[in-house]
Structure formats: structure tokens, C-alpha cells
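*Asks:* Give me coordinates for this.
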Amino acid sequence: MPRLTEYEKWENDGVLQDKLILVQGWARDGLTEPQIANNLGIAIRTLCDYKLKYPQFLQAIKKGKEVVDFEVENALFKNAINGNVTAQIFWLKNRKKDNWKDKVEVTNVGNEVNNQISNIANLINNPKPNRGEDDVQ
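*Replies:* Numbering: from 1, shown residues only. Alright, predicted model coming up:
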């Protein structure tokens, strides 16, 4: 008979829902997955396996993280609206990336610069004679 996983033991003992509530709460409180695994008394690899094998387990972690992520998003938004310049910059750089990125990519400048350098070199190497009044015929 195969050995039961901790998850299966929780199911058999009738404590699975309690464990899922704990997992969701820990995720909401910002615990990392290694910390959650430690709290459950399982290895991080086992936690990863549970996320793949048991959809309820994965959902508990996602739901916990989702709640706090929404709270932080709302706080960031409120700070940005209320004039917090750092929050405004962060918001714009992440939500309007194309318009607010630090680096602006410039294209086709190389050819234009090379053409200008060539024109200057030609003028230096082949100066045109001055056309003054004496040159008029």
C-alpha cells in the first residue's frame, strides 16, 4: 500500500479545509512559499508538487496573494492620486510603459549621423572656392 502524502492525511483526518484556510492566510500575510511549506511541516518541493497536483491548494495560495495585492494596488493608486510623486512615477512606469520608460530607444540615428559626418569630411577635403565679386564674369 502506497504511503499517504500529508495532503491525503489532512483529507482523511478532516482538517484539509483548515489547512487551506491557513495557507490562504499565510499567503495573504506575505509569507513566502518556503515559509508556508515550513509552517505546514513539508518541504518546498512537496509544496510545489501539491500546487501541481491539488487545484484547491494552488487556489488557496493564489487567493491569499490576490487579496493583499489588491489592497496594495489600491493604496498605491490612492497615494498617486493624492500627489505622492514616487507613487505616480511607479504607477506610470508600470501602467504606461511605452510613454514612461527610463530608456528611450532611438532607431536609424546611426545612418543620419554617418551621412552628416561624410558631408563634413567632404567639405573639409574639397572646399568650394569663395565666390566674391572678383569671381563674377
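
*Asks:* Tell me where this structure has strands.
*Replies:* Along the chain, no segments are classed as strands by DSSP state E.

*Asks:* where in it is pLDDT low?
*Replies:* The model of the chain has pLDDT under 70 over residues 104-110, 127-137.

*Asks:* Run the chain-centre distance for stretch 17-37.
*Replies:* In terms of C-alpha atoms, centre = their mean, to the nearest Å, the centre of stretch 17-37 is set 23 Å apart from its chain centre.

*Asks:* Give me the residue at the spatial middle of this structure.
*Replies:* For the chain, residue 94 is the residue whose C-alpha lies nearest the centre (C-alpha atoms, centre = their mean; 8.0 Å).

*Asks:* Kindly list the longest helix within this structure.
*Replies:* If you go by DSSP state H, the chain has its longest helix at helix 55-81.

*Asks:* Quick one: list the elements packing against that helix.
*Replies:* helix 16-28, helix 44-53, helix 85-95 (3 or more C-beta pairs under 8 Å, 6 or more residues apart in numbering; DSSP states H and E). (C-beta placed from N, C-alpha, C; glycine too.)

*Asks:* Let me have those in CSV, adding distance to residue 60 as columns.
*Replies:* Output for the helices and strands packed on helix 55-81, formatted as CSV (distance: least, C-beta to C-beta, whole Å):
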stretch, distance to residue 60
helix 16-28, 4
helix 44-53, 10
helix 85-95, 27
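
*Asks:* Please identify the most buried of those helices.
*Replies:* helix 16-28 (a mean of 17; mean count of other C-beta atoms under 10 Å).

*Asks:* What degree of burial does residue 61 show, as a neighbour count?
*Replies:* 21 (other C-beta atoms under 10 Å).

*Asks:* got the contact list for the residue lying closest to it once chain neighbours are set aside?
*Replies:* Distances taken as C-beta to C-beta, 6 or more residues apart in numbering place residue 27 nearest to residue 61, at 4.9 Å, with adjacent residues excluded. Contacts for residue 27 (C-beta atoms under 8 Å, 6 or more residues apart in numbering) come out as 36, 60, 61, 62, 63, 64, 65, 68.

*Asks:* Scan the residues you listed and report the most crowded one.
*Replies:* For the contacts of residue 27, neighbours tallied by other C-beta under 10 Å; top is residue 60, 25 neighbours.
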